[in-house]
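**Q** 3D, please:
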Amino acid sequence: MDYVYEPQKKVPVFEEADVIVVGGGPAGIGAALAAARNGAKTIVIEKFGALGGMQTQAMSSTFSLLDPAIQGGVITDIIDRLGAEGGILRDRSPRTRTAAFTSTNFDCEVYKFMLDDMMAEAGVKLLYHTTGVGAVREENALKGIFIECIQGRFVILGKVIIDSTGNADIAWKSGVPCMDDGHGRGPKKGRHMGLGCRFYISGVDVEKFQKFKKENPDDWTGLYGGRSLVTKAKAEGKYYGYRESLIVNTSKPGVAMIEGFNSPLAEGHHGWMIEDVTAGEIDLRKQVFSAYRLLKNNVPGFENSSVEKTGTIPILRDTHRILGEYVLAEKDIYEGRTFDDSVVISNMGPDIYGPDEEHVYEVVRPHDIPYRCLVAKDTDNLLAAGATLSADFYAFAADRYGAPSMCTGQAAGTAAALAARLNVTTRKLDVKLLQDTLRKNGAPVTVKDLPADILETYEQRYQKNRKITDL
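**A** The predicted structure follows:
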């Protein structure tokens, strides 16, 4: 039997709202706070029991390349609040404009608790343990979404829907045109980035480990280390993993966070296929315990340690993206292109894992993200935010990260609130009004507004660190 018919039934309306945000990761956080703060009745649909998405469920508790000249508004409020709550574990943002890559790490438990409070303060309604499974369509417009939860199946009606699921779940499952293109060139053309993870080890004697690192500087530099240990263990068949070193972060007392793992996807396989995700989870767990045993048995400070926590979900790197009115391109981000309808500035470059063992990060110039990348093509009242934005593979590999995602979320949430208030479609919204509102809320909108000295510093960083010279 190839299929069965699902019987029709009446689905009760759970609630109506101005703005429905589907997915509570960085993009959904930015969207919900922006929409509510601009006067819209806002509901967030989140399938787990906390906000944060990959930052909390996959423990990728990081904002990369933070720069107050580039990002502002909601993300500034988040970082300031994290600092006040004692949730910042490591802040390297002052080096952003000169270093190839910097990150601000935070405590994801503080983050989850803090976000609940911020949503309550803004008047956002949260529905946890609830999954958006499709949309209510009327001709070329979305009018609401179907949800499923422990209470049953319902529909929520809304004036604007923001798909911030990270994999365009609502758009794709509703038949809205989406992209799923993978690597754009070379022998791995069409293949997708692998699945990733981080994990925590507790009971670590951090002082002893740091002393060991200082005594072995050739093998342990910064966060990266254990190269000879990994190489030897691989040769002896005692280590299962794809990278040639370990990334060990000891920002939290007594705890080490180990990151950088990758489970490859073969040609024709995808991060949205359930069998591939399941196989990836199993493979990553095998890598995690192989790395843990390697550290415990060979590295001073880890003798009495244990695995404290692995992620609820793997890091899903590239799945589906909404096809928007404009597709942000690789050349746009390398050239630092500006757009008249820009609503976000990004300073993030492509960070590409896999599809095999490789990892490449590229430095780019600050670039604009136009509003058209958030507006679904040929579908009214659906906006993309975060990793669902309309971009080619290489631009997506940059702007999927936490900071640009939260900023595109703020832009989408602001646009949704304005469209709902003015009773216009998101496609017909006055972009200048949107830009002015974002600026009033502290969010920079275009590279054209950046001072010359900041642009020059970024240009020097780009010329020093770029790897791709011929696009």
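
**Q** Could you use CA atoms for every contact and neighbour count after this?
**A** Fine.

**Q** and Phe209, how many neighbours?
**A** Per other Cα atoms under 10 Å, the neighbour tally for Phe209 reads 16.

**Q** can you give me how far the longest helix anywhere in the chain is from the chain middle?
**A** Under DSSP state H, the helix in the chain containing the largest number of residues is helix 274-298. Chain-centre distance of helix 274-298: 22 Å, with Cα atoms, centre = their mean, to the nearest Å.

**Q** Let me know the average pLDDT across that helix.
**A** Mean pLDDT, computed over helix 274-298, is 96.

**Q** the strands in the stretch 301-450 of the chain, which residues?
**A** Using DSSP state E, counting those that start in this stretch, the strands of the stretch 301-450 of the chain run over 306-310, 321-322, 342-346, 351-353, 359-361, 367-370, 382-384.

**Q** Of these, which is nearest Ala443?
**A** With Cα to Cα as the measure, strand 342-346 is the member of these nearest Ala443 (7.8 Å).

**Q** ok, back up a step: wait, which of the strands of the stretch 301-450 of the chain is closest to Met54?
**A** That would be strand 306-310 among the strands of the stretch 301-450 of the chain, by Cα to Cα, at 12.4 Å.

**Q** In the closest one, which residues are buried?
**A** Buried residues in strand 306-310, counted by 16 or more other Cα atoms under 10 Å: Ser306, Val307, Thr310.

**Q** Chain neighbours aside, what residue packs nearest to the second one?
**A** If the residues on either side of it in the chain are set aside, Val307 comes closest to Ile201, at 4.5 Å by Cα to Cα, 6 or more residues apart in numbering.

**Q** Where does pLDDT dip in the stretch 51-200 of the chain?
**A** Within the stretch 51-200 of the chain, no range satisfies pLDDT under 70.

**Q** Distance of the spatially closest residue to Gly442 that is not a sequence neighbour relative to Asp430?
**A** The spatially closest residue to Gly442, leaving aside those adjacent along the chain, is Gly73, at 4.3 Å (Cα to Cα, 6+ apart). According to Cα to Cα, to the nearest Å, Gly73 stands 20 Å off from Asp430.

**Q** who has more neighbours, these two?
**A** Using other Cα under 10 Å as the criterion, Gly73 and Asp430 rank with Gly73 on top: 20 against 14.

**Q** circling back to that earlier point, list the residues that contact the residue nearest to Gly442.
**A** By Cα atoms under 8 Å, 6 or more residues apart in numbering, the contact set of Gly73 is Leu438, Asn441, Gly442, Ala443.

**Q** In TSV, list those residues along with distance to Ala420 and pLDDT.
**A** Below are those laid out as TSV (distance: Cα to Cα, whole Å; pLDDT from 0 to 100):
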residue	distance to Ala420	pLDDT
Leu438	16	98
Asn441	18	98
Gly442	21	97
Ala443	21	98
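
**Q** Among those, which one lies nearest to His270?
**A** Distances from His270 to the contacts of Gly73, taken by Cα to Cα, are shortest for Ala443, at 34.8 Å.

**Q** neighbours around the residue lying closest to that closest one once chain neighbours are set aside, how many?
**A** Excluding its sequence neighbours, the residue lying closest to Ala443 (Cα to Cα, 6+ apart) is Gly72, at 4.3 Å. The tally of other residues near Gly72 (other Cα under 10 Å) stands at 25.

**Q** gap between Gly72 and Leu434?
**A** Distance from Gly72 to Leu434, by Cα to Cα: 15 Å.

**Q** swap in Thr96?
**A** Counting by Cα to Cα, the gap between Thr96 and Leu434 amounts to 28 Å.

**Q** show me where the stretch 101-250 of the chain has strands.
**A** 103-106, 125-127, 130-138, 141-149, 152-163, 178-179, 195-202, 220-221, 224-225, 246-249.

**Q** Can you tell me how far Arg243 is from Tyr394?
**A** Distance from Arg243 to Tyr394, counting by Cα to Cα: 22 Å.

**Q** quick one: which of those two has more around it?
**A** Tyr394 (21 against 17).

**Q** distance of Asp180 from Ile43?
**A** Counting by Cα to Cα - Asp180 and Ile43 are separated by 28 Å.

**Q** no no, Cys108
**A** If you go by Cα to Cα, the gap between Cys108 and Ile43 works out to 22 Å.

**Q** Look at these two and report which has more neighbours.
**A** More neighbours surround Ile43 than the other of Cys108 and Ile43, with 25 against 21 (other Cα under 10 Å).

**Q** how about that one, secondary structure?
**A** Counting by DSSP: H, G, I helix; E, B strand; the rest coil, the backbone at Ile43 sits in strand.

**Q** beta partners of it?
**A** Taking DSSP bridges as the rule, Ile43 bridges to Ile20, Lys125.

**Q** rewinding a little: who touches the longest helix of the chain?
**A** So helix 274-298 is in contact with 195-197, 199, 201, 238-241, 246, 261-265, 269-271, 302-307, 313-314, going by Cα under 8 Å, 6+ apart.

**Q** again, only this time at 7 Å
**A** By Cα atoms under 7 Å, 6 or more residues apart in numbering, the list of residues contacting helix 274-298 from outside reads 195, 197, 239-241, 263, 269-271, 302-303, 305, 314.

**Q** Equivalent analysis for stretch 248-263, please.
**A** Residues outside stretch 248-263 that contact it (Cα under 7 Å, 6+ apart): 89-90, 194-206, 223-224, 242, 247, 280, 283-284.
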